[in-house]
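Novice: take this sequence and fold it.
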Amino acid sequence: MTELADPRPIAAVLISVVGTLGILAAHRRPNLRESVTLVVALGKFGIIASMLPGVLAGDVYVWTLGSFVVDVPFELRADSLGILFATLASLLWIITSLYSIGYMRGLDEHNQTRYFAAFAMSLSAAVGIAFASNLLVLFVFYEVLTVATYPLVAHDETDEARAAGRKYLAYTFGGGVAVLAGTVVVYLVAGTIAFTPGGIEGLATADPALARVAFALLAAGFGVKAGLMPLHSWLPDAMVAPTPVSGLLHAVAVVKSGIFGITRVVLDVFGPEAVADLGVGLPLAVVATITLLAASIIALRKDHLKQRLAYSTVSQLSYIVLGLSVLSPDAITGGLLHIPAHAFMKLTLFFCAGIIHVETHTDYISEMAGIGKRMPTTMAAFAVAAAGMAGIPLVAGFVSKFYILVGTVSTGDYVFAVALLVSGVLNIAYFWPVVYQAFFQSEDAHDAKPLVEAKLGGETRSILPQTDGGKPDDEEADIEAAENAGGDADEDDDDLDVDPEEIGQPDFSGESVERDYSQPAPLVDGEYAVDKHPSDHTIPDESEDADADGHEPGHAAENHHEAGDHEESHDHDHHGGPPAGGWERRGWLGQESTWFMLGPILAAMTGSVVLGVVPHAAVFLRLIDDIVSAVLAMGVVF
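Specialist: Sure, this is the predicted structure:
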């Protein structure tokens, strides 16, 4: 390993800071603003990619500012692990920037300049985390990432978005305090906090009690952003953010920064040998196992697509933590490979959820029967990525999970191996209904009941249908229901304001009746929610208080949006679910949306397949082999 002084690590961090200034300066010229975003994204990836050949050859690029605190330098270091994370984040930023243009313009979103500027700053912080050479520098960028992403989480500026933003700050700043405390303990017992392949030597001979305290603090602090239970609840709430934010920041940059921190702690602070000697690997593996199973079960109950994907993220991140904590070479390889694998697959899934929302106003799985006719390319991409998440061969998730499974069996951790297999079945259970609804059911006659109907872990929807969302057979019953609600079925329904039970919504006892999709959605306080909150929202959990009428706060904006300049291409005659007469059949060659959105979906899906078929050719597995080899070269015995 050869260390080379080089300015490229700091250049990779600063280019998006400069880009942020350019984006803000171009706020009155949207085309220029978005051109700056794309140019900076390409430049950032180009700088990082230029270091790849040298890193694969054994070089490490180092940039040092000087002493930071006491004798700790402010230093950036592009090694194999850092390049792995930085390459992934910068590559997917290009894809997400293109998607963001189609998404934000498609919804005619407000404050788009702030959105793109915050995105650029977030990527600057993410690359700083990747190249940090010690725990203190990592902590600084970790906190910068929290601040930079808050405007994205709270972008909609609704009560729900602000509440999600406050919760996000409380959890992640709390995690940051734990990271800082753990950093101080490591410095006190080892005399250094610099990342060292195989672990800091001083920790192996330190007081075991203090070493365990340091590990617990660091694992808990990074575990907040990694979504480990019970520190995970900020992540589903943060799905209130625009879908590109959910995709990149909550499937790549933010949550992966937590995973990256845990990886540094296990491999480069304590080292696998010290983790095993201290006995802290097993508790971490148990937490990861509980998280991956519990989150999968909760995902089964989520009818809102982004909520289901959010809990899927909580589950999938724990595969990475489990692979790291099992402490076998194969398991660590699988855990690290699942970082890019999950990123490509989950980005595809979130992008699909976003384009469905933009084009059809639909966010609920129970309203997606037959949507494959309207969005064939999108739903096909969703099916491929979902198969990978479930560990089906030829997609990225199979390769990474196979490595982890082999690693758990080789160490005799059969309980963890069984948990992995059970989780795979649960993955199929919560992804298959989406694919089945889209391609194998008709919007005219389908059973939209969720797979699990128990109230535990689920959600009640007071206005939009959750179950039995098909069209009623008795037209006279529809007319009577409309008349009872104070209007005539043949008249203009602009002022329609009806009891949810009378338009086919489930009551709070869990029973449900049918709704006529040809009827307009009911009004909330005299107007459609889309007129107040033009973006996609998640719905509150059942634990939140309902209002005086029994309606859950903030749910009404879930399935509505204003499409702005793309009005002619969207199905504006309905608000979620199939329009009157059923889904319009569209072709496979881009008729379902703009290529600003379809292109990134297909690019992310292609990455998932490439990682599943030729993982070494995709570079990431080669980097991971170097990381594991470096740990083994330090004399670590697994």
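Novice: assign the residue nearest the centre of the chain to helix, strand or coil.
Specialist: The central residue of the chain, meaning the one whose C-alpha is nearest the mean C-alpha position (CA atoms, centre = their mean), is Ala251 at 2.7 Å. Three-state call for Ala251 (DSSP: H, G, I helix; E, B strand; the rest coil): helix.
Novice: thought Gly223 was touching Leu231?
Specialist: Yes. Using CB atoms under 8 Å, Gly223 is in contact with Leu231, at 5.5 Å. In short, each C-beta sits where N, CA and C put it, glycine included.
Novice: report the buried residues of stretch 60-69.
Specialist: Residues of stretch 60-69 classed as buried under the neighbour-count rule (16 or more other CB atoms under 10 Å) are 60-63.
Novice: with stretch 215-235 instead?
Specialist: The neighbour-count criterion (16+ other CB under 10 Å) identifies 215-229, 231-232, 234-235 as the buried residues of stretch 215-235.
Novice: again with stretch 611-628
Specialist: Of the residues in stretch 611-628, those scored as buried under the neighbour-count criterion (16+ other CB under 10 Å) are 611-612, 615, 618-628.
Novice: now the strands for the stretch 1-150 of the chain?
Specialist: In order along the chain, the stretch 1-150 of the chain carries the following strands (DSSP state E, counting those that start in this stretch): 2-5, 59-69, 72-78.
Novice: list the strands paired with the longest one, with their directions.
Specialist: When pairs are called by DSSP bridges, strand 59-69 turns out to pair with strand 2-5 (parallel), strand 72-78 (antiparallel).
Novice: can you tell me which of the ones you listed is most buried?
Specialist: Across the strands paired with strand 59-69, the average number of neighbours (mean count of other CB atoms under 10 Å) peaks for strand 72-78, which reaches a mean of 21.
Novice: what's the distance between it and the middle of its chain?
Specialist: 29 Å (CA atoms, centre = their mean, to the nearest Å).
Novice: and it, what's its mean pLDDT?
Specialist: In this model, strand 72-78 carries a mean pLDDT of 92.
Novice: what's in contact with it?
Specialist: Strand 72-78 has contacts (CB atoms under 8 Å, 6 or more residues apart in numbering) with 6, 8-10, 13, 48, 51, 55, 60-68, 86, 128, 131-134, 136-137, 187, 193, 195.
Novice: go with 6 Å
Specialist: For strand 72-78, the external contacting residues (CB atoms under 6 Å, 6 or more residues apart in numbering) are 9-10, 51, 61-65, 67-68, 131, 133, 136-137.
Novice: what stretches of the stretch 151-300 of the chain score poorly on pLDDT?
Specialist: For the stretch 151-300 of the chain, no stretch is flagged by pLDDT under 70.
Novice: helix, strand, or coil at the residue lying closest to Thr243 once chain neighbours are set aside?
Specialist: Computed as CB to CB, 6 or more residues apart in numbering, the closest residue to Thr243 that is not its neighbour in sequence is Gly354, at 3.0 Å. Judged by three-state DSSP, the three-state class of Gly354 is helix.
Novice: residues near Gly354, how many?
Specialist: The burial metric for Gly354, expressed as a neighbour count using other CB atoms under 10 Å, is 30.
Novice: ok, His89 touching Val255?
Specialist: Quick fix: residue 89 reads Ala, not His. No. Using CB atoms under 6 Å, Ala89 is not in contact with Val255; the gap is 11.6 Å.
Novice: so which residues of the stretch 151-300 of the chain form helices?
Specialist: Across the stretch 151-300 of the chain, reading from the start of the chain, the helices by DSSP state H, counting those that start in this stretch fall at 159-190, 201-204, 208-226, 234-237, 243-244, 254-264, 271-278, 281-300.
Novice: same question, the stretch 351-500 of the chain
Specialist: With DSSP H, counting those that start in this stretch as the criterion, the stretch 351-500 of the chain has helices spanning 371-374, 376-389, 396-410, 414-440, 475-484.
Novice: mind putting those helices into CSV with mean pLDDT and distance to Ile200?
Specialist: Written out in CSV, the entries for the helices of the stretch 351-500 of the chain read as follows (pLDDT from 0 to 100; distance: least, CB to CB, whole Å):
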stretch, mean pLDDT, distance to Ile200
helix 371-374, 89, 53
helix 376-389, 94, 35
helix 396-410, 93, 24
helix 414-440, 92, 27
helix 475-484, 43, 69
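Novice: any chance of the ones you listed in a markdown table, plus mean neighbour count?
Specialist: Conversion of these to a markdown table gives the following (neighbours: other CB atoms under 10 Å):
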| stretch | mean neighbour count |
| --- | --- |
| helix 371-374 | 23 |
| helix 376-389 | 24 |
| helix 396-410 | 23 |
| helix 414-440 | 18 |
| helix 475-484 | 15 |
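Novice: turn those helices into CSV, including distance to Gly174.
Specialist: What follows is the helices of the stretch 351-500 of the chain, written out as CSV (distance: least, CB to CB, whole Å):
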stretch, distance to Gly174
helix 371-374, 40
helix 376-389, 29
helix 396-410, 29
helix 414-440, 28
helix 475-484, 49
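Novice: quick one: closest of those to Ile259.
Specialist: Checking these against Ile259 by CB to CB gives helix 396-410 as the closest, at 12.7 Å.
Novice: show me what the closest one is packed against.
Specialist: Using 3 or more CB pairs under 6 Å, 6 or more residues apart in numbering; DSSP states H and E as the contact criterion, the neighbours of helix 396-410 among helices and strands are helix 305-326, helix 329-360, helix 376-389, helix 414-440, helix 595-613.
Novice: of all those helices, which lies closest to Leu203?
Specialist: The closest approach between Leu203 and any of the helices and strands packed on helix 396-410, judged by CB to CB, belongs to helix 305-326 at 16.7 Å.
Novice: any chance you could list what contacts that closest one?
Specialist: Taking CB under 6 Å, 6+ apart as the rule, helix 305-326 contacts 226-227, 232, 235-236, 239, 251, 255, 259, 266, 281, 284-285, 288, 291-292, 295-296, 298-299, 302, 331-332, 334-335, 338, 342, 349, 353, 363, 365, 404, 407-408, 411, 413, 538.
Novice: burial count for the closest residue to Ala387 other than its chain neighbours?
Specialist: Beyond its immediate neighbours in the sequence, the residue positioned closest to Ala387 (CB to CB, 6+ apart) is Val395, lying 5.4 Å away. Using other CB under 10 Å, Val395 is surrounded by 25 other residues.
Novice: tell me the confidence at Val395?
Specialist: pLDDT, the model's per-residue confidence, is 91 for Val395.
Novice: isn't it up against Ala386?
Specialist: No. The pair formed by Val395 and Ala386 falls short of the contact definition of CB under 6 Å, at 9.1 Å.
Novice: skipping adjacent residues, who's closest to Ser122 in space?
Specialist: Ala148 (4.4 Å).
Novice: same thing with Val189?
Specialist: Once its chain neighbours are removed from consideration, Val189 has its nearest residue in Ala206; the separation is 4.0 Å (CB to CB, 6+ apart).
Novice: perfect, I'm done here.
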